[in-house]
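Q: Here's my sequence, what's the structure:
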Amino acid sequence: MVSQQQSLRCEPNTGKYAAMPETPSTELREALVNVAQSRDKKSFAYLFEYFAPKIKRFGIKQFGVEAQAMELVQETLTSVWRKAHLYNSDKGAATTWVYTVMRNASFDMLRKMKSNKEENISEDIWPLLNESEDTNHEYSDHLEDQQIKRYLDKLPQAQREVVRGVYFQDMSQEQ
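A: Numbers count the residues shown, from 1 in each chain. So this is what the prediction gives:
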C-alpha cells in the first residue's frame, strides 16, 4: 500500500507503477520541523549530512580557502539549529530556507573579512612607525653620546675615569 507521503511513478521499460520513495525535499522539511519542534538530534544529523558537503562546496567557490568554507558550514548549520523554529514550510522549501541562512552567513563572513583586512592594514603600519622611532632613537642616542663625551672632556682626569668606569664599563665606584 502506498502511504500518503509517497506517490506513484511509472517504471521504465515495464510500464508498471511502483511506489516512489519520499522526496528529499519532504524528508528535509520533516527533519527541519523535527529540529524546530523537539530539537531532534537525529534529524539535525540528517540535515547536516545532506547540507554540509553542498555548503562546503559553495564556500570553497566563494572564499577559495577550505578553512573558511568549513567555517561557513559551521556558521550555517549552527544557525539552522538555533533558528529552526523560524522555518515556515508554507513559505518555501527547507532547502531554500537553509540556503538563505547560508547566504546570510556568507555575507557576514565577507563583511568580517573586509573589516579584518582593514584592521590588518593598520597593524602593518605599526611596525613601520616603530622602525622609524627606533631610527630616531638611535640617532638621538648618538647625539647624546657626543654631548656626554664633550662634558666628560671638561672634567678632571680622575673624575673622568670614575664616570667612564661606572656608567660605560659597568664598574663599581670602588673599582
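
Q: Based on its surroundings, how many neighbours for the closest residue to residue 94 other than its chain neighbours?
A: Excluding its sequence neighbours, the residue lying closest to residue 94 (C-beta to C-beta, 6 or more residues apart in numbering) is residue 28, at 4.0 Å. Every C-beta, even on glycine, is put in place using the N, C-alpha and C of the backbone. As a burial measure, residue 28 scores 21 neighbours (other C-beta atoms under 10 Å).

Q: Residue 28 and residue 50 touch, don't they?
A: Yes: under the criterion of C-beta atoms under 8 Å, residue 28 makes contact with residue 50 at 6.5 Å.

Q: so residue 44 is in which element?
A: helix 41-63 (DSSP states H and E).

Q: Kindly report the same for residue 106.
A: helix 94-154.

Q: Tell me the first helix or strand C-terminal of that helix.
A: helix 157-163.

Q: could you say what helices and strands that following helix packs with?
A: helix 94-154 (3 or more C-beta pairs under 8 Å, 6 or more residues apart in numbering; DSSP states H and E).

Q: hmm, which helix or strand of the protein has the shakiest average pLDDT?
A: Lowest by mean pLDDT, DSSP states H and E among the helices and strands of the chain is strand 7-10, with a mean of 50.

Q: Residue 55 touches residue 102, doesn't it?
A: Yes: applying C-beta under 8 Å as the test, residue 55 and residue 102 come out as touching, 5.4 Å apart.

Q: what is in contact with these two at once?
A: 72, 76 (C-beta atoms under 8 Å, 6 or more residues apart in numbering).

Q: Show me which of those two is the more surrounded one.
A: It is residue 55, of residue 55 and residue 102, that has more neighbours when counted by other C-beta under 10 Å, with 27 against 23.

Q: roughly how far apart are the more buried one and residue 109?
A: Distance, residue 55 to residue 109, using C-beta to C-beta, to the nearest Å: 12 Å.

Q: One more: residue 154?
A: Distance from residue 154 to residue 109, by C-beta to C-beta: 68 Å.

Q: ditto for residue 24
A: Taking C-beta to C-beta, one finds residue 24 at 27 Å from residue 109.

Q: Looking at the two, which is more packed in?
A: residue 109 (19 against 12).

Q: does that one really touch residue 69, like I thought?
A: No: under the criterion of C-beta under 8 Å, residue 109 is not in contact with residue 69, lying 10.0 Å apart.

Q: Return every residue with contacts to both of the two.
A: Residues touching both residue 109 and residue 69 (C-beta under 8 Å, 6+ apart) are residue 63.
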